[in-house]
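Here is my input, please return the structure:
(2 chains)
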2 protein chains.
Amino acid sequence: MNSSLIQKLILPTETKIVMLIMDGFGGLPREAGGKTELETARTPNLDKLARRSNLGLIIPVAPGITPGSGPGHLGLFGYDPIQFEIGRGAMEALGVDFELGPDDLAARGNYCTIDQRGLITDRRAGRIGTNINQALSGLLSSIKIEAAEIFIKPVKEHRFAFILRAQGLYDALSETDPQKTGVAPLAVCALDEKSIKAADLVNRFIAHAQKALADQTPANMILLRGFARLPVLPTYQERYGLRAAAIAVNGMYRGVARMVGMQVLPLESDTLEGQFTTLENNWGEFDFFYLHVKKTDTFGESGDFDGKVAAIEEVDALMPRLLSLKPDVVIVGGDHSSPAVMKSHSWHPVPLLIYSPFVRADGLPEFGERTCTLGSLGTFPATHIMPLALANALRITKYGA
Amino acid sequence: MNSSLIQKLILPTETKIVMLIMDGFGGLPREAGGKTELETARTPNLDKLARRSNLGLIIPVAPGITPGSGPGHLGLFGYDPIQFEIGRGAMEALGVDFELGPDDLAARGNYCTIDQRGLITDRRAGRIGTNINQALSGLLSSIKIEAAEIFIKPVKEHRFAFILRAQGLYDALSETDPQKTGVAPLAVCALDEKSIKAADLVNRFIAHAQKALADQTPANMILLRGFARLPVLPTYQERYGLRAAAIAVNGMYRGVARMVGMQVLPLESDTLEGQFTTLENNWGEFDFFYLHVKKTDTFGESGDFDGKVAAIEEVDALMPRLLSLKPDVVIVGGDHSSPAVMKSHSWHPVPLLIYSPFVRADGLPEFGERTCTLGSLGTFPATHIMPLALANALRITKYGA
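Residues are numbered from 1 along each chain as shown, chains lettered A, B, ... in the order given. A predicted model of the protein is given here:
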C-alpha cells in the first residue's frame, strides 16, 4: 500500500479537485458489436474534455469481482475495499441516512411471522407494506434497554435497520435468521470474548421486541443479521490533507462519504441541477468535491438502456457549469458497471477520465469504453485514482532526493 | 491476495469453462519488424473468436521472469507461482507421470561415474543410453529401506526421478551433487530439525545404491539434487467450486493439474484430435476443462518457426469442434512464451483471449501479440485469469452491499 507514503508527501495548496461519479457507469452494448450506453449517449462536453484528458478503465475491487456500492466507493476514495470491509448491517444503516457513529452496532432487520410454538412460518411476514413497517418500527423504537440506545429505521416492506448504541460493542456475532421456516429464530451468540456484551444486549432487545409485537399480524417477530460496526478509516483530512465535501442524494453514498471524513452538504434540491447548484454554492469552502449521480445505476439495474443513455446526457449537459468553476482536477467515472443488458452490477472495468492542465493528454476523440481501453491509464485499480488526482493538483511533493 | 475473497463469493451454477493452453504460445518475429509465429499463422477461427472477445497479454510469474512449465501453469490456474513453489525434484517426478502423494519426497537423480577413491570423474556417466538407465533403475528399485518405500523412475540418458515415501518427511536437505569432478559426492545434510529423518533415510539409500552399482561401468554411483515435496494447494473444487478435468498428453502437465485437484482424463489418443475427442466425450461431466497443447513449445524450443506456425494452425482448425460444444467461457492462451528465434522459454508476455457472451468485446481484428497489446485486459498477471473466467461464467456473487 502507498497510502502511508502519500500521507507523508502531502503538500498544502489551494487547488481544487472534483470527482464526479455516475453510479453503475460502465455498460455493455445492447447487441454484440454495438455501442454501450456511454458510447450511445450524445456527450459533446465530456467528449471535448476527454480529448484533453487521460483515459483508462478502472478495476473497482479486483479482477472479476462485482462490487456493491460500498466497496466500489471505497476504492474510488483510495481505500482498499478488501482491507476495509463495510459490513451489511452498517450498509443498511447508512442506506437510510442514519449517522452511524463509533459506538454503534448495526444489523439488517426483517419483520417475520412465527406461529404459536414460536416457529417461523414466513421470514418476510408476507412482505408487509412499508407503512405498517413504519408503525411497527415506531413501536420497537420505544423499547428501553439499560445503558444502551436503540434505533429502528424502516427501510422497505419487511426490512429495517437496527442500531444499538452503547460503549464497548463488538460485532463478532452470529445471526438470528435461520434462513428457513419451521424452526425458531436463533439467539445471538458472541463469537469472541469481547462481543459478549453486545450479544447480551441484542438478545435482551429481541425478547422485548417479541413481547411488543405479540399481538401483531402477520409481523409478530423480528430477525437480525449482518451485525457490523463501521470500519474505522483514516479521514480525507488525515490522509490527503483535503477538506472534502460530498454532494449525494442517497443515504448510502452520504454514509460512505461521511465514513472517510467528508462533510456531507445539505442539497439545494434532490435534482441533478440542485446538486450542481450545491457544488457552486460551496465552491469556496472545500478542496475536494465528490458529486454522486444515482440515476445511471437505477436505469442500469432496471434494464433501461435508453434511460441510462439519457441520464448520462443529462450529466453531460451540466458539465459546463462544473467546468466554469475552473477546477484544477476533474475526475469523471463510476463506482462499478451496471450494464442495462445484465440488469445488475457487474465486474466490468469502468471508464475513467482525469483532466488537469498537467495531464499528458491522450487526445482520444471521445469518452467511451472503447476509447478508455486505448487510454494511457490502461486498465488499473481504482485505488490509484486519488494519488493521480493529488499529483495533478500539485499536492504531492517529491519522494526522496 | 484475492483468493480467499473469491472462495467466499463462489456461486454454484451449471456454466462451463474451457481453458485451451498452447505451451510456449507467445513468440517473436523472425526478423525485426516482422510477424510472430501466431501472427504468421492462418487462424480464421481464432480471429473470428477474438473479435468477440477481450484480448490482453499475461505476465506468467513476474515482469522479466522466464517461467518453467510448473510456475507457468500455476499462474494460469490462479495460484501465485512465487508463493507456491514446485521444487525441482517434484517436477521431475511429475514429468514421468509419477503420482506424487503427500508422504513423498522427490529428487532429481543422475547416474555418475566415480573412481576407486570415490571421486567423481563424470557427473553424467558419459550420458549412458536410456535403456541402460532403465536396467539400473530396476536394480535400484529393489533396494529396501526400513519403514520407507523407494521408487526410481528412469527419465532420459543419465537422469532419473527418485522418490522416497515415508511418514514425516521434510525437504530442507542439501544436495549430494558437488557440481564438479575430482571430489566425492556429498552426504545429504538436514537444513532444519524436522528434515533429519529424511536426510538419514536418503543417506542410507545412497549407501545401498553405491553397493548395488559397484560393478557397473560407467554408471557406478548416483547424485541427487532438488529434494522437494509437493506443495499443498487448495483444490479447484475448494477454491472455485469447479469440477475440473485435464486433457494433457505429457506427464508434467498431468501432474500439475492433478496437484490442483483436476481429474486427469484418459485420452482417446495422444494426437491433438484425440484430445478434442476426449473433451467432447467428457463434456457433460465437468465444469472446467484444461486442454494442453505441447507441440507449440516443442517447435519453439527447437527453433522451428514454421513448425510452431503449423502447430497453431492445427489448433485453429479444431476450434469449431470446441465451440460447437457451446462453452460459456473460452480462454485461449499459453503458460509462457517460447519464441522460435530464441530456441527457449522466455519472459515475454503471452497472448490471451477471453470469450463469453458477457465480455465487452474489444473488436480487434485478429488474435496476435500486437492486437493483444491493444486489448482491454492490458498486460496483466496470469493469476487474474481465473477470477475473470469465473466472473464471465456468472460464478461469482457481488462483494458487499
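
C-alpha from now on. contacts and neighbour counts both.
Fine.

Quick check: A:Tyr79 touching A:Thr383?
Yes - distance between A:Tyr79 and A:Thr383: 6.3 Å, which falls inside the contact criterion (Cα atoms under 8 Å).

Tell me where the stretch 51-200 of chain A has helices.
Under the criterion DSSP state H, counting those that start in this stretch, the stretch 51-200 of chain A contains helices at A:69-76, A:88-95, A:130-141, A:196-213.

of all those, which lies closest to B:Ala257?
For the helices of the stretch 51-200 of chain A, proximity to B:Ala257 was assessed by Cα to Cα; helix A:69-76 is nearest, at 33.9 Å.

Mind listing what's buried along that closest one?
Within helix A:69-76, the residues that qualify as buried by neighbour count (16 or more other Cα atoms under 10 Å in any protein chain shown) are A:Ser69, A:Gly70, A:Pro71, A:Gly72, A:His73, A:Leu74, A:Gly75, A:Leu76.

Switch these over to JSON lines; also include pLDDT and distance to chain B.
Formatted as JSON lines, the buried residues of helix A:69-76 follow (pLDDT from 0 to 100; distance: Cα to the nearest Cα, whole Å):
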{"residue": "A:Ser69", "pLDDT": "92", "distance to chain B": "6"}
{"residue": "A:Gly70", "pLDDT": "93", "distance to chain B": "6"}
{"residue": "A:Pro71", "pLDDT": "96", "distance to chain B": "6"}
{"residue": "A:Gly72", "pLDDT": "97", "distance to chain B": "9"}
{"residue": "A:His73", "pLDDT": "97", "distance to chain B": "11"}
{"residue": "A:Leu74", "pLDDT": "97", "distance to chain B": "11"}
{"residue": "A:Gly75", "pLDDT": "98", "distance to chain B": "13"}
{"residue": "A:Leu76", "pLDDT": "98", "distance to chain B": "15"}
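
ok so, going back, least confident of the helices of the stretch 51-200 of chain A, on average?
Sorting the helices of the stretch 51-200 of chain A by mean pLDDT places helix A:88-95 lowest, at a mean of 90.

one step back: and A:Val293, which of the helices of the stretch 51-200 of chain A is closest to it?
Within the helices of the stretch 51-200 of chain A, the stretch nearest A:Val293 is helix A:69-76; the backing value is 12.4 Å (Cα to Cα).

what about stretch A:301-309, how long is it end to end?
In terms of Cα to Cα, to the nearest Å, the two terminal residues of stretch A:301-309 are separated by 13 Å.

what comes into contact with it?
A:30, A:37-38, A:40-41, A:295-300, A:338-345 (Cα atoms under 8 Å, 6 or more residues apart in numbering or on different chains).

The same query, at a cut-off of 6 Å, please.
Contacting residues not belonging to stretch A:301-309 are listed as A:Glu37, A:Ala41, A:Thr296, A:Phe299, A:Ala340, A:Val341, A:Lys343, A:Ser344 [Cα atoms under 6 Å, 6 or more residues apart in numbering or on different chains].

isn't there a helix covering the fourth one?
Yes - the assignment for A:Phe299 (DSSP: H, G, I helix; E, B strand; the rest coil) places it in a helix.

which SSE is the nearest residue to it once chain neighbours are set aside in?
On the basis of Cα to Cα, 6 or more residues apart in numbering or on different chains, the spatially nearest residue to A:Phe299 that is not a chain neighbour turns out to be A:Lys308, at 5.1 Å. Secondary-structure assignment from DSSP states H and E places A:Lys308 in helix A:305-323.
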